[in-house]
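[1] predicted model and sequence follow; I will ask about them next.
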Amino acid sequence: MIDPQELSHRAEIVDALLSYTRGIDRLDKESVISAFHPGATLNNYGPEPMSIEDFVEYALPSLEKRYAATQHRVSNIRVEISHDRALVESYVLAYHIESGEGPTRLHTFNGRYIDTFTLLDGHWKINERSLRNDWSKVENIDEEMAGASVWVMSDRNDDDPIYQF
């Protein structure tokens, strides 16, 4: 049986993962950064490892410019805690909608985040992340679902209803 303190640690770890996904999709720098310890390293996001601070300065403007919407989902989260460190494997399914000249295109990425979390100053956050690609594809969106023209579009800023709570 898992003790209540370990359940609390696991909940904080999952919350950090979800803070990242919300932040990356809403283009919310603070939400992304809050999932990581300062100076945390991201591997396999480019030719060289980068700090979380450099990542948000590069990734968020790039996502805003290139994609009309993104949606990152994490699942199959496996947390292995050992003292003040945790190995966390999460499956990630990310959708990116590219619109502009030409057809609207859906970029789909399916892979894994392999994160090392550390307990520092009383908080579990990511200290190092590696990204792994299992598969990806790009396809044209030729037709949208019925009702798409009347649904309210999500905002990618603090006008989104989640920030009004």
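    Perfect, thanks for sending it. Residues are numbered from 1 along each chain as shown.
[2] relative to the whole chain's centre, how far out is the host helix or strand of residue 62?
    Using DSSP states H and E, residue 62 sits in helix 52-66. From the chain centre to the centre of helix 52-66 is a distance of 12 Å (CA atoms, centre = their mean, to the nearest Å).
[3] now that helix: average pLDDT?
    In this model, helix 52-66 has a mean pLDDT of 97.
[4] next secondary structure after that helix?
    Sequence-wise, the next helix or strand downstream of helix 52-66 (DSSP H and E) is strand 69-82.
[5] regarding this protein, what is its longest strand?
    strand 123-140 (DSSP state E).
[6] tell me the buried residues in that strand?
    The neighbour-count check on strand 123-140 (16 or more other CB atoms under 10 Å) flags 124, 125, 126, 127, 128, 129 as buried. (Each C-beta comes from the backbone N, C-alpha and C, glycine too.)
[7] note down every partner strand of it and its orientation.
    Here strand 123-140 has these sheet partners by DSSP bridges: strand 36-43 (parallel), strand 105-120 (antiparallel).
[8] residue 84: what's it in contact with?
    118, 119, 120 (CB atoms under 8 Å, 6 or more residues apart in numbering).
[9] who wins for neighbours among the residues you listed?
    residue 119 (18 neighbours; other CB atoms under 10 Å).
[10] may I have the phi/psi pair for the closest residue to it other than its chain neighbours?
    Once flanking residues are discounted, residue 119 sits nearest to residue 84: 4.1 Å by CB to CB, 6 or more residues apart in numbering. Backbone dihedrals for residue 84, given as degrees, to the nearest 10, come out at phi -100, psi 20.
[11] of all residues in this structure, which one is nearest the centre?
    Central residue of the chain (CA atoms, centre = their mean): residue 21, 3.1 Å from the mean position.
[12] of the buried residues of strand 123-140, which is the nearest to residue 112?
    Nearest to residue 112, judged by CB to CB, of the buried residues of strand 123-140 is residue 129 at 10.4 Å.
[13] check that closest one and give its pLDDT.
    98.
[14] that one: what's it in contact with?
    Counting by CB under 8 Å, 6+ apart, residue 129 has contacts 36, 40, 41, 42, 43, 113, 114, 115, 116.
[15] circling back: gap between the closest residue to the residue nearest to the centre of the chain other than its chain neighbours and residue 14?
    Distances taken as CB to CB, 6+ apart put residue 72 closest to residue 21, at 4.3 Å, once the chain neighbours are dropped. Distance, residue 72 to residue 14, by CB to CB, to the nearest Å: 14 Å.
[16] out of those two, which sits in the more crowded spot?
    residue 72 (19 against 16).
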